[in-house]
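Engineer: Okay, structure incoming, though there's no sequence with it:
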């Protein structure tokens, strides 16, 4: 029976064979189903943003404290925003850490906080049937974290150990050195606090920090998921209505540094069998008019799988597994960077190709085919992002954190589609600044130094960040 | 607008019960399932929430079936699937997908290898054409093989060899916990064996395992079932089937005594411990209880082991692991271990950590778990399950696994039931039966250098 069936299918296969040589054309465009977003301000100043997305019976929420940044209180207590975020959900005035975690389990929930250069965010989710309880827990953690002595001590000790563990990883080291190289003394250079600063923090410091910086009038709450808008607003009002507003603290971010020459920052990791390479520079703030052009230049250069960098150093030369580039834009400025992890033997050749591809973007226009592909890639994947609860919540969060036009989500497609090859080249020429690039490498200095020194002056660091040796083009 | 469950009524009912012991309404994922005459399994599920579609192909071959002397070959082969076919040049698969607004990837696992793209839904035919072209006519050249051997070698360096711990909670644990080579060998591969692979190896692996009768094609998203059926017929009906591959023997003799391994690590700064307990088969009566026990022991910061090790005893920094190192309860078929990994603090020993883990187990085997704990575990389990189904890829993954391993993707709508029916007594007896030292492998991995305390 199998044989006769196989014969029939074989003859069928002969007819459409010709039609299968080229890719089939797209069908008619489908409706975008853009999210319906509702916004409301509570009397205490908290901005609440809701977007129904009932793809599963859950809700996903982001509460962003825009005042609690890496820069907040950094002079007196460096790292306090990070430690406050990590201990805030370890107990409140009325709940122990363990009670909190148990209550979260009972609603199929999760709740965690993190801080970065522009804000502290609380991310939380639960089954939608328990949304009121989730808001109650989020509000409790936002308003009344108690920072019990024992929890603070434990977190201090564990954070110190975790950072030590991280210093064994090339990925951690290359990122840390890169942020420091491009941002200098600016708070954006912060990655992890030093051990002394961590140990110095007290529960009193942390409570004072939260009272000052976790305030509703400089915060926004985003909820996406299987929700009814009116009922959810009512639940949020009940949970967050009593949160007292405070004085918005002044912006503590100093001006952004500029780099004036190309330099190599080498983190020595004896025994490394690969060099971890980041090359990049400061770029633009999130609100800059060049945002879309830079983003698209990044897509073509190394930000997508079929990018120039991947085709070159992976698919043609086999130097590396996952070359990449990224354009990360924030409130005050951003960074563009290209990176690859490569075996020791091809460290120099990789630097050469990364620079070659950067300069090619600056000097020659991208092809029409590349530009059109990058546009489709951006707009198509934007739809996928908006189809996930945390994807949509995260996208809305950028609108409120960076004060973008409220129409950002609806405008995304036309803004991308309007770009020309000249726009891309201009952005690349400006921000793929190879002449003033920071070159950060984590690897075995003795094994790769001869390949590295032709590219510029080298400062060598150890894994803890101490300068071991400063040198020119010789060792 | 499609919804899995109408929840507003459930909320009102719940408010009155103490432990939120909810019986959720059944899921209602639409599933169309059939087979082409050449044996290809086809799953189609409409979902019009967003204008996207996932097209995925799952092949019934993973690490366990790769040839001896060729560790890492199943994964190397996965890379070769992006190197071109009769009508798609090297790496152009990525070009076509991205230039049409999509993203793509592939993954090699214990028992399957998958390839998938998520695209704007009006490009579904492109995804089907691309997958059919490589299933029908993979183009294999010496030059491309050499190139991908280099790329995969870098992948192994970046993810394993140049990292502290070198994924010991997978690679070393499996090497030690299992005795049958098919289960125990390093699936990421030894560099020398990855680079020893020949064109002939690639051709024969393709012919044996990459036939339509050894695969599932799954389409999930904003599409019309009848239109997709026509496209599937057009692109896949003519791909000839192959003799069914001989199934390797995956059976594992029962473990009778504890295995303890000590390792040193050249790159790590802190010591770490990994444990693996053999699990009952998925179709055994004990399995759902075991899955909930895993949840209770080690899922999240509320779990018993996390609370004991990290919070109460302050012995360890973290806790990770689960029932299937790469996936979930449904996307494997051979013997499996529950894995746990924890980084512990300098100045302590692996024995101290194990003693505390054992004390938690002993507490469960003597006193059992509370009704509230069980109810919470079920709610958390349900919540995690829904999260897996949130996107078109997540749904495609589960449907594909159910078609591949159970020949029944409709089960997606009743998968939760056995887990919802577990009793506290079953959890207690599962702990007593499986969480015994004779059933486990322990690896203690300490930094080679001294004095990082």
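Structural biologist: Here it is on my side, so go on. A quick note: this is a predicted structure, and the numbers were derived from the prediction, not measured. Numbering: from 1, shown residues only, chains lettered A, B, ... in the order given.
Engineer: make it CA atoms for all contacts and neighbour counts henceforth
Structural biologist: Fine.
Engineer: and residue B:144, which of the three is it?
Structural biologist: helix (DSSP: H, G, I helix; E, B strand; the rest coil).
Engineer: isn't it right next to residue B:85, touching?
Structural biologist: No. If you go by Cα atoms under 8 Å, residue B:144 and residue B:85 don't touch, sitting 12.0 Å apart.
Engineer: where do the contact lists of these two overlap?
Structural biologist: Residues touching both residue B:144 and residue B:85 (Cα atoms under 8 Å, 6 or more residues apart in numbering or on different chains): none.
Engineer: how about the helix or strand harbouring residue A:350: buried residues?
Structural biologist: Using DSSP states H and E, residue A:350 sits within helix A:347-363. For helix A:347-363, a neighbour-count test (16 or more other Cα atoms under 10 Å in any protein chain shown) marks A:347-348, A:350-351, A:354-355, A:357-362 as buried.
Engineer: list the contacts for residue B:136?
Structural biologist: Shown in contact with residue B:136 (Cα under 8 Å, 6+ apart): residue B:239.
Engineer: how much space between it and residue B:283?
Structural biologist: 34 Å (Cα to Cα, to the nearest Å).
Engineer: One more: residue A:119?
Structural biologist: 48 Å.
Engineer: And the two? Which one has more around it.
Structural biologist: A direct count of neighbours by other Cα atoms under 10 Å in any protein chain shown for residue A:119 and residue B:283 places residue A:119 higher, at 23 against 8.
Engineer: can you list the residues that contact the helix holding residue A:350?
Structural biologist: For helix A:347-363, the surrounding residues in contact (Cα under 8 Å, 6+ apart) are A:275, A:297, A:301, A:308-309, A:312-313, A:319, A:338, A:342, A:425-426, A:428-430, A:432, A:434, A:448, A:451-452.
Engineer: taking these one by one, which sit in strands?
Structural biologist: Per DSSP state E, strands hold the following members of those: A:275, A:338, A:342.
Engineer: By neighbour count, which of these wins?
Structural biologist: Ranked by neighbours (other Cα under 10 Å), the ones in strands among the contacts of helix A:347-363 are led by residue A:275, which has 32 neighbours.
Engineer: In this structure that one contacts residue A:339, no?
Structural biologist: No. Using Cα under 8 Å, residue A:275 is not in contact with residue A:339; the gap is 10.4 Å.
Engineer: where are the low-confidence patches of the stretch 301-450 of chain A?
Structural biologist: By pLDDT under 70, the stretch 301-450 of chain A has no low-scoring segment.
Engineer: Now do the contacts for residue A:118.
Structural biologist: Neighbour list for residue A:118: A:66-70, A:330-331, A:401 [criterion: Cα under 8 Å, 6+ apart].
Engineer: pLDDT score assigned to it?
Structural biologist: We have a pLDDT of 95 for residue A:118.
Engineer: And residue B:211, by the same measure?
Structural biologist: 98.
Engineer: now swap in residue B:16 and tell me
Structural biologist: Confidence score, pLDDT, at residue B:16: 35.
Engineer: all helices of the stretch 301-450 of chain B, in order?
Structural biologist: Assigned by DSSP state H, counting those that start in this stretch, the stretch 301-450 of chain B shows helices spanning B:304-306, B:350-367, B:371-388, B:392-406, B:417-420, B:424-434.
Engineer: what's the closest of those to chain A?
Structural biologist: Closest approach to chain A among the helices of the stretch 301-450 of chain B (Cα to the nearest Cα): helix B:371-388, 4.0 Å.
Engineer: How about the residues of the stretch 151-300 of chain A by chain B?
Structural biologist: Within reach of chain B by Cα under 8 Å from any Cα of the partner chain, the stretch 151-300 of chain A has these residues: A:154, A:158, A:161-162, A:164-165, A:167-170, A:272-274.
Engineer: Same list, the helices of the stretch 301-450 of chain B, but as JSON lines with distance to chain A, mean pLDDT and mean neighbour count please.
Structural biologist: Putting those into JSON lines (distance: least, Cα to the nearest Cα, whole Å; pLDDT from 0 to 100; neighbours: other Cα atoms under 10 Å in any protein chain shown) gives the following:
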{"stretch": "helix B:304-306", "distance to chain A": "10", "mean pLDDT": "98", "mean neighbour count": "22"}
{"stretch": "helix B:350-367", "distance to chain A": "16", "mean pLDDT": "98", "mean neighbour count": "16"}
{"stretch": "helix B:371-388", "distance to chain A": "4", "mean pLDDT": "97", "mean neighbour count": "21"}
{"stretch": "helix B:392-406", "distance to chain A": "9", "mean pLDDT": "98", "mean neighbour count": "23"}
{"stretch": "helix B:417-420", "distance to chain A": "14", "mean pLDDT": "96", "mean neighbour count": "16"}
{"stretch": "helix B:424-434", "distance to chain A": "16", "mean pLDDT": "98", "mean neighbour count": "20"}
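Engineer: which stretch among the ones you listed comes nearest residue B:77?
Structural biologist: Residue B:77 sits nearest to helix B:392-406 of all the helices of the stretch 301-450 of chain B, at 19.4 Å, using Cα to Cα.
Engineer: Mind splitting chain A into its structural domains?
Structural biologist: Domains of chain A are assigned by automatic domain parsing as A:38-240, A:263-471.
Engineer: From start to finish, how long is the first one in a straight line?
Structural biologist: When the termini of domain A:38-240 are compared using Cα to Cα, they are 17 Å apart.
Engineer: which residue ranges form the helices in the stretch 251-400 of chain A?
Structural biologist: A:291-298, A:308-310, A:347-363, A:368-386, A:389-401.
Engineer: What of the stretch 51-200 of chain B?
Structural biologist: B:73-80, B:92-99, B:124-137, B:142-156, B:171-177, B:181-184, B:191-196, B:199-209.
Engineer: which residues sit in contact with the residue nearest the centre of chain A?
Structural biologist: In chain A, the C-alpha nearest the mean C-alpha coordinate belongs to residue A:328, at 6.9 Å (Cα atoms, centre = their mean). Residue A:328 is in contact with A:334-336, counting by Cα under 8 Å, 6+ apart.
Engineer: and the helix or strand encompassing residue A:122, anywhere near chain B?
Structural biologist: Using DSSP H and E, residue A:122 sits in strand A:120-127. Yes. Applying Cα under 8 Å from any Cα, one finds strand A:120-127 in contact with chain B at A:126-127.
Engineer: Name all residues that make contact with the nearest residue to residue B:369 once chain neighbours are set aside.
Structural biologist: Closest residue to residue B:369 apart from its sequence neighbours, by Cα to Cα, 6 or more residues apart in numbering or on different chains: residue B:424 at 6.0 Å. By Cα under 8 Å, 6+ apart, the contact list for residue B:424 reads B:368-371, B:374.
Engineer: picking that back up, for the contacts of residue A:118, which entry has the maximal number of neighbours?
Structural biologist: The most crowded member of the contacts of residue A:118, judged by other Cα under 10 Å, is residue A:68 (30 neighbours).
Engineer: which stretches of the stretch 1-150 of chain A form helices?
Structural biologist: A:2-14, A:80-87, A:97-106, A:131-143, A:149-166.
Engineer: For these, give me a markdown table that also has mean pLDDT and mean neighbour count.
Structural biologist: Below are the helices of the stretch 1-150 of chain A laid out as a markdown table (pLDDT from 0 to 100; neighbours: other Cα atoms under 10 Å in any protein chain shown):
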| stretch | mean pLDDT | mean neighbour count |
| --- | --- | --- |
| helix A:2-14 | 40 | 13 |
| helix A:80-87 | 97 | 24 |
| helix A:97-106 | 97 | 21 |
| helix A:131-143 | 98 | 22 |
| helix A:149-166 | 97 | 18 |
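Engineer: before we move on, back to that, if you count neighbours, what's buried in the strand holding residue A:122?
Structural biologist: Judged by neighbour count using 16+ other Cα under 10 Å, the buried positions of strand A:120-127 are A:120-127.
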